[in-house]
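>>> give me a model of this one.
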Amino acid sequence: MSDESPESEDRPELPEVVSVLPLRNSVLFPGSIIPIDVGRPKSVKLIEEAIREERPIIGIVTQKEARIEEPGDEDLHAVGCAARILKVIKLAKDNYSVILQGVMRIRVEEIVSHDPFIQARVTELLDLSTTTPIESDALVANIKETAKKLISLVPELPREAATLLDSVADPGQVADLVVSNLDIEPAEKQDVLESADVTERLRKVLTLLTRQLEILKVRERINSQVQEEMGHSQREYVLRQQLKAIKGELGEIDDESGDVEEFQKKIAEAKMPAEAQKVALKQLDRLKQMQQSSAEYTVTRTYLEWLVELPWSISTEDQIDIKQVREVLDEDHYDLEKVKKRILEYMAVLKLNASKKGPILCLLGPPGVGKTMLARRTGALLPLLDHRAALEVTKIHGVATGSVATALRRRAPVRMPHHTVSVAGLLGGGRPTRPGEVSLAHRGVLFLDELPEFPRACLEGLREPLEDGVVSIVRAHGALTLPARFQLLAAMNPCPCGYLGHPQRACTCAPPAVARYLGRISGPLLDRLDLVVPISPVPATDDGPIGEPGEPSVRVRARVERARAWQAERLASTPWRTNAEVPARAGAVERLCALQPAAEHLLQRLARSRQLSPRAQHRLRRVARTLADLAADGDDPRAPVDEVYVAEAAHLRRLPRSTDG
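All right, here's what the predicted structure looks like:
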């Protein structure tokens with residue numbers, strides 16, 4: 001919860017005639033801040049003219065039926081909300097992301113024009129009070145008490161929401177604040193918006209709030225029953241562990257105990273990083289339970305030997321030259337400055353980030369704009385591998401080809417599998433087991449062109465390597481875990497024909513076809529997409545080079561260095577160095593990537609409306625914190641992040657839509 005009172009600032013004067021932006025499934029209240037996507041032609045013209053003429057106020061009115069593309073007079077509700085435009089982000093040609101703040105209730109008296117967009121004569125709808133202050137205060141107290149109970153049952157809501165609620169005294173503002181944050185139907189919100197009588201509005205909000213509280217209580221009861229049933233499985237696990245201990249006391253120890261002790265000693269001496277040691281110990285536990293004569297025992301033992309022989313404690317420093325990266329990008333690519341800027345920032349972060357864990361990038365644009373060409377150049381942008389990484393890559397490629405390497409592979413691998421690749425080809429498999437593309441891209445880049453065209457099973461299989469840096473291959477003849485720590489780079493068209501949003505060519509795809517096309521990408525993989533970079537066609541010119549000079553690499557590096565200095569200061573008392581390394585456990589990401597109450601509220605509203613998983617919310621927090629660091633917003637690196645950066649982070653990782661609201 002985080003709405004700001006419209007009375008807290010000087011409200012702009014309401015014009016007699018305002019431009020009206022219709023929304024499909026959203027209702028804006030005074031004081032609320034919401035992000036919307038604008039893609040309908042009339043709505044785009046309205047936003048562009050409002051920016052050009054610096055209009056302080058526009059009208060926001062919800063449609064009665066969301067399916068109507070061009071609403072008429074009878075398709076719009078009579079009551080809406082006047083709003084400020086806080087920020088506009090251009091996603092693609094004729095597609096904007098707009099952040100709005102509600103100012104006051106308005107009544108649409110008359111639609112005066114539909115061309116080039118809707119314009120209407122409006123009046124302010126003032127709050128009315130038809131009851132005594134005592135009854136009004138009692139309703140407000142009941143609403144606040146019920147809302148606090150609701151907050152305590154929803155872990156995703158910040159505890160600061162209760163404090164924010166207590167700070168609002170005006171009864172009408174309390175009702176607007178609470179109902180704007182309830183997960184209810186737009187029609188129910190519209191009913192509250194149309195209530196000018198404050199007492200009637202408070203009663204409606206209290207009824208809706210009580211219903212939501214009862215729903216949450218029932219869900220809690222169901223969850224408790226499920227947890228109780230899961231307890232039986234835990235009891236079985238404990239009994240199995242006790243049986244294992246009894247066998248040990250009876251001396252039922254097999255012949256391979258010598259191998260186990262030897263590997264335990266070698267793992268302790270190898271000075272592995274925590275993740276690698278966790279994998280090694282897991283494989284050692286599996287080895288203890290296998291028969292020495294089984295084929296799986298031999299495979300696991302060979303893998304453990306490979307792990308303990310790696311030179312974990314030997315490393316050399318990468319040399320990333322940002323100036324050279326800029327020269328390589330400019331050598332073959334004109335214009336595309338926004339894309340180049342993202343790549344330069346990413347390489348600058350790699351230069352300063354010892355963990356080498358960068359964001360997952362997705363290039364989005366029509367055919368022929370240079371997505372694949374840019375991806376092919378990543379091999380020239382990456383630094384040479386250090387000694388340990390080169391040894392890992394050489395061993396993996398040796399296993400894949402069955403040959404003996406005569407020299408270390410120093411160049412970071414760039415793998416570009418075709419979208420017809422099989423699961424075994426991408427993740428590994430066969431007999432004997434061979435590494436797949438994810439392992440062959442270890443310490444390098446895995447580029448998936450035409451991402452939605454890949455089989456869903458292949459995309460689902462990427463979850464383990466993206467999360468843990470390894471891929472587990474389980475077959476009837478044995479199991480194997482291979483390293484697969486790579487930078488994922490993807491590219492895709494915005495629709496099946498590829499021309500949605502193209503400035504010259506018309507899209508031939510129906511909206512359901514576009515939805516099915518985007519729906520091929522699984523939700524868990526979308527959770528892990530950090531940055532979606534739209535690429536527009538390069539305009540043709542007759543007088544000189546295409547495009548304008550972009551931001552110099554020196555300035556990019558300076559911004560990244562300042563951002564890293566802020567991160568170092570903020571994370572000085574922790575074992576982590578960058579926002580990307582902050583884990584989700586024990587509330588670390590909430591504490592170290594703290595948001596302002598308004599930003600926290602916006603994040604939770606996005607989580608509910610887009611059904612974001614906890615992992616996606618944590619990634620969005622980290623990206624918003626990094627955007628604020630790169631913008632050098634304010635003077636205190638520990639200051640909570642503003643809501644503008646949360647909105648920008650949400651739209652950077654979201655595939656653009658072609659609808660409003």
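>>> any figure for the gap between Pro158 and Val445?
37 Å (CB to CB, to the nearest Å). The C-beta positions use only the backbone N, C-alpha and C, and glycine is treated the same way.
>>> again, but for Cys458
17 Å.
>>> tell me, how many residues neighbour Tyr418?
Check again: residue 418 is His, not Tyr. Residues within reach of His418, counting by other CB atoms under 10 Å, total 12.
>>> can you check the one 10 residues further on too?
As a burial measure, the neighbour count of Gly428 was computed by other CB under 10 Å and equals 25.
>>> so where do the helices sit in the stretch 501-650 of the chain?
Using DSSP state H, counting those that start in this stretch, the helices of the stretch 501-650 of the chain run over 511-518, 523-528, 553-570, 588-592, 597-610, 614-631, 643-652.
>>> buried residues, the helix or strand encompassing Glu305. List them.
According to DSSP states H and E, Glu305 maps onto helix 295-309. Of the residues in helix 295-309, Glu296, Tyr297, Val299, Thr300, Arg301, Tyr303, Leu304, Leu307, Val308 count as buried by neighbour count, 16 or more other CB atoms under 10 Å.
>>> what strand or helix carries the nearest residue to Gly469 once chain neighbours are set aside?
Distances taken as CB to CB, 6 or more residues apart in numbering place Arg485 nearest to Gly469, at 3.8 Å, with adjacent residues excluded. Using DSSP H and E, Arg485 sits within no helix or strand.
>>> measure how buried Arg485 is and give me the count.
Neighbours around Arg485, by other CB under 10 Å: 20.
>>> secondary structure element for Arg221, which one?
helix 198-249.
>>> what about that helix, average pLDDT?
Computed over helix 198-249, the mean pLDDT rounds to 77.
>>> following it in sequence, what is the next regular element?
Next along from helix 198-249, by DSSP H and E: helix 257-269.
>>> so which bits of whatever helix or strand comes next after that next one are buried?
Scanning forward in sequence from helix 257-269 by DSSP H and E, the next helix or strand is helix 274-288. Residues of helix 274-288 classed as buried: Ala276, Gln277, Val279, Ala280, Gln283, Leu284, Arg286, Leu287 (neighbour count, 16+ other CB under 10 Å).
>>> and Glu600, how many neighbours?
26.
>>> for Ala586, that is, sorry about that
8.
>>> which pLDDT does the model give the nearest residue to Leu284 once chain neighbours are set aside?
Distance criterion CB to CB, 6+ apart; nearest residue to Leu284, sequence neighbours excluded, is Phe263 at 5.5 Å. Among the per-residue scores, Phe263 holds a pLDDT of 84.
>>> one step back: I'd like the helices of the stretch 501-650 of the chain as JSON lines, with mean pLDDT and distance to Glu188 appended.
Below are the helices of the stretch 501-650 of the chain laid out as JSON lines (pLDDT from 0 to 100; distance: least, CB to CB, whole Å):
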{"stretch": "helix 511-518", "mean pLDDT": "84", "distance to Glu188": "26"}
{"stretch": "helix 523-528", "mean pLDDT": "74", "distance to Glu188": "27"}
{"stretch": "helix 553-570", "mean pLDDT": "74", "distance to Glu188": "42"}
{"stretch": "helix 588-592", "mean pLDDT": "86", "distance to Glu188": "31"}
{"stretch": "helix 597-610", "mean pLDDT": "86", "distance to Glu188": "15"}
{"stretch": "helix 614-631", "mean pLDDT": "84", "distance to Glu188": "26"}
{"stretch": "helix 643-652", "mean pLDDT": "82", "distance to Glu188": "25"}
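>>> Val154 is nearest to which of these?
When the helices of the stretch 501-650 of the chain are compared by CB to CB, helix 597-610 sits nearest Val154, at 8.4 Å.
>>> which residues does the closest one contact?
1-4, 33-35, 156-158, 160-161, 163-164, 181, 183, 595, 612, 616-617, 620-621, 624, 640-643, 645-647, 650, 654 (CB atoms under 8 Å, 6 or more residues apart in numbering).
>>> helix 643-652 and that one, what's the angle between them?
30 degrees (axes from the mean of the first three to the mean of the last three CA atoms, to 10 degrees).
>>> quick one: helix 597-610 to helix 614-631, angle?
Using the same axes, to 10 degrees: helix 597-610 against helix 614-631 is 140 degrees.
>>> what packs against the top strand by length along the chain?
For the chain, the strand with the greatest residue count under DSSP state E is strand 95-113. Under the contact criterion of 3 or more CB pairs under 8 Å, 6 or more residues apart in numbering; DSSP states H and E, strand 95-113 touches strand 17-23, strand 33-38, helix 41-52, strand 58-62, strand 79-92, strand 119-124, helix 643-652.
>>> contacting residues for Ala400?
By CB under 8 Å, 6+ apart, the residues touching Ala400 are Arg434, Pro435, Ser439, Leu440.
>>> redo those as TSV? Include distance to His114 and neighbour count.
Converted to TSV, the contacts of Ala400 look like this (distance: CB to CB, whole Å; neighbours: other CB atoms under 10 Å):
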residue	distance to His114	neighbour count
Arg434	63	19
Pro435	61	26
Ser439	59	29
Leu440	58	25
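>>> Leu209 and Ile134, how far apart?
In terms of CB to CB, Leu209 sits 21 Å off from Ile134.
>>> between the two, who's got more neighbours?
Counted by other CB under 10 Å, Leu209 and Ile134 do not tie: Leu209 has more neighbours, with 23 against 8.
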